[in-house]
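Q: Just a sequence and a predicted model for now, questions to come.
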Amino acid sequence: MQKNIPFSKETIQSIIAKYPTPFHIYDERAMIENAKNLQKAFSWNTGFKEFFAVKATPNPYLVKLFSKIGFGADCSSHAELVLSEKTGVVGENIMFTSNNTAAYEYQKARELGAIINLDDISHIAFLEEVAGIPDIISFRYNPGELKSGNDIIGNPEEAKYGLTEAQIFEAYKIMKDKGVTRFGIHTMVASNELNSQYFIETADIMFSLMIKLNKQLGITFEFVNLGGGVGIPYKPEQNAVDIEYISKGIQKKYTEILVQNNLAPVKLYLELGRYITGPYAYLITQVQHFKDTYRKYVGVDASMANLMRPGMYGAYHHITVLGKENAPATHIYDVTGSLCENNDKFAIQRALPEIEKHDILAIHDTGAHGHAMGFNYNGKLQSAELLLRTDGSVKCIRRAETLDDYFATLDFDGLSSF
Ligand SMILES: Cc1ncc(COP(=O)(O)O)c(C=O)c1O
């Protein structure tokens, strides 16, 4: 897939004059278009809803932008619940999918009226004790050997998430006996998966399970949440998934299984993160040093603290040298940050056009699990997030961290009496 950028070098230079590098910049127009296409693709399902996975890009401006289009929020922690609340996304517009959950997190979810999706059978008693049983409940199913996993989440049987098939029958029975009347079901077995067929198979497994649960327990389902995990083409040679194809495939299974067994209508939910924001942001960074030892290094002013994926998973992120979009890739570089970690590299032995001092690099596809995974090792500060609006203006949706932010939890004054 062609790796284009939605701005010119001159535009970025004028933005840098106000907001120093590094920063992540999100393309509002492209995000809205993609979000609307997703809704259109699934419009056959009355009640279809995408709960944007807040963890992918926990920025209230983006959560609000998507909520205006009709998305809810998928939250996994107390902080994400509060962020949604502050954004005005509450009640059943929140799906709370967490694991190893603390009492205060369930209490907050209950306070907001969120749909709670339990990750384990032992959490039924825990939830009842700490927050009470809501009238709607969902469980996360782990299909074990029925499904092969992928690199990021791993094999379902080795993944820490969800209930086994035997447990899920027991769990719904317990909830039914406790008087719960509204049920949903959830799974998520892959992350960054580009194989469209994968999601259709998952739907097949889930719909079939729902039939078995219905037959055995007499419960019906309001919704089925097929999770997140739709991948994006980080590499130029990869292709984007065909969301229409996935939707049609799921619709076919829905008709064959749920409609045929008189279990329809069931609302289809997704909680995509990467697919919604991933391709639509760029980490903008400037070249500050060169180093020529056993390899040629280009040192930039961003680091792994601003984008952890390459260091953490060896993930590929495409790099464009602004103004040299069409120049031949004649040089081989490692593009590095300044952390005292040798995996602080945005690219390893990458062919790029010749890079000069002060060149500006756009690191692609940083819109999901990018800024969100940022950290402060070596005292590196988190960068700003900017939104390139549809009218071409720029809105700062998160300022850059300052040294005062970094030191805010330390009491230097206390040193005098220590
Ligand atoms: C439970 C859950 N839902 C949704 C997501 C979003 O995944 P993705 O961004 O790959 O769509 C994640 C990601 O970790 C997750 O753990």
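A: Arrived safely. Residues are numbered from 1 along each chain as shown.
Q: Can you tell me the element S303 falls in?
A: Under the criterion of DSSP states H and E, S303 resides outside all helices and strands.
Q: Which residue is the nearest non-sequential neighbour of it?
A: Spatially, and ignoring its direct neighbours in sequence, S303 is nearest to G337 (2.7 Å; Cβ to Cβ, 6 or more residues apart in numbering). Glycine gets a C-beta too; all of them are placed from N, C-alpha and C.
Q: Run through the residues that contact that neighbour.
A: Applying Cβ atoms under 8 Å, 6 or more residues apart in numbering to G337 gives the contacts G299, V300, A302, S303, M304, A305, N306, D344, K345, F346, K380.
Q: residue contacts, the last one?
A: The reference is to K380. S303, A305, N306, G337, S338, L339.
Q: Kindly recompute the last result at 10 Å.
A: Residues counted as contacts of K380 (Cβ atoms under 10 Å, 6 or more residues apart in numbering) are 22, 302-306, 337-339, 344, 374, 401, 406.
Q: so A347 touches I355, yeah?
A: No. Between A347 and I355 there is no contact under Cβ atoms under 10 Å: 11.0 Å.
Q: Now the buried members of the contacts of K380.
A: P22, A302, S303, M304, A305, N306, G337, S338, L339, D344, G374, E401 (16 or more other Cβ atoms under 10 Å).
Q: Any chance of CSV for these, columns pLDDT, distance to the ligand and secondary structure?
A: Output for the buried ones among the contacts of K380, formatted as CSV (pLDDT from 0 to 100; distance: Cβ to the nearest ligand atom, whole Å; DSSP: H, G, I helix; E, B strand; the rest coil):
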residue, pLDDT, distance to the ligand, secondary structure
P22, 98, 22, coil
A302, 98, 21, coil
S303, 97, 23, coil
M304, 95, 19, coil
A305, 94, 20, coil
N306, 97, 18, coil
G337, 97, 23, coil
S338, 96, 28, coil
L339, 95, 24, coil
D344, 97, 23, coil
G374, 95, 16, coil
E401, 97, 24, coil
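Q: Determine which two of those residues are furthest apart.
A: Largest separation among the buried ones among the contacts of K380 by Cβ to Cβ: D344 and E401, giving 18.0 Å.
Q: Just send the contacts of K380 back as TSV, with distance to G184 too.
A: Listed next are the contacts of K380 as TSV, based on distance: Cβ to Cβ, whole Å:
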residue	distance to G184
P22	40
A302	40
S303	41
M304	38
A305	37
N306	36
G337	42
S338	46
L339	42
D344	42
G374	32
E401	38
Y406	41
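Q: which parts of this structure sit against the ligand?
A: Contact residues (Cβ under 6 Å from any ligand atom) of the chain with the ligand: 53, 55-56, 74, 97, 188, 191-192, 227-230, 271-275, 368.
Q: Among these, name the ones in helices.
A: In helices, judged by DSSP state H, the following of the residues of the chain next to the ligand are found: R274, Y275.
Q: now the residues of the chain next to the ligand: which count as buried?
A: When the residues of the chain next to the ligand are checked against 16+ other Cβ under 10 Å, the ones flagged as buried are 53, 55-56, 74, 97, 188, 191-192, 227-230, 271-275, 368.
Q: Would you check how far apart H371 and R398 are?
A: Counting by Cβ to Cβ, to the nearest Å, the separation of H371 from R398 is 8 Å.
Q: now the stretch 51-200 of the chain, which segments are flagged as low pLDDT?
A: 147-154 (pLDDT under 70).
Q: excluding its backbone neighbours, what's nearest the residue of it at minimum distance from the ligand?
A: Ranked by Cβ to the nearest ligand atom, the top residue of the stretch 51-200 of the chain for proximity to the ligand is A53, at 3.5 Å. Nearest residue to A53, sequence neighbours excluded (Cβ to Cβ, 6+ apart): G273, at 3.1 Å.
Q: The one you found touches F71, doesn't it?
A: No. Shown here, G273 and F71 do not form a contact pair, counting by Cβ under 10 Å, at 11.2 Å.
Q: mind listing what the residue nearest to A53 touches?
A: G273 makes contact with 51-58, 74, 191, 228-230, 367-369, 372 under the criterion Cβ under 10 Å, 6+ apart.
Q: The same query, at a cut-off of 7 Å, please.
A: Neighbour list for G273: F52, A53, K55, A56, G228, A368 [criterion: Cβ atoms under 7 Å, 6 or more residues apart in numbering].
Q: Find the residues that touch each one of A347 and I355.
A: Contact criterion Cβ under 7 Å, 6+ apart; residues shared by A347 and I355: Y333.
Q: if we can go back for a sec, please identify which of H371 and R398 sits among more neighbours.
A: Using other Cβ atoms under 10 Å, the more surrounded residue of H371 and R398 is H371, with 25 against 19.
Q: Nearest spatial neighbour of the more buried one, chain-adjacent residues omitted?
A: The nearest residue in space to H371 (Cβ to Cβ, 6+ apart) is H24, at 5.0 Å.
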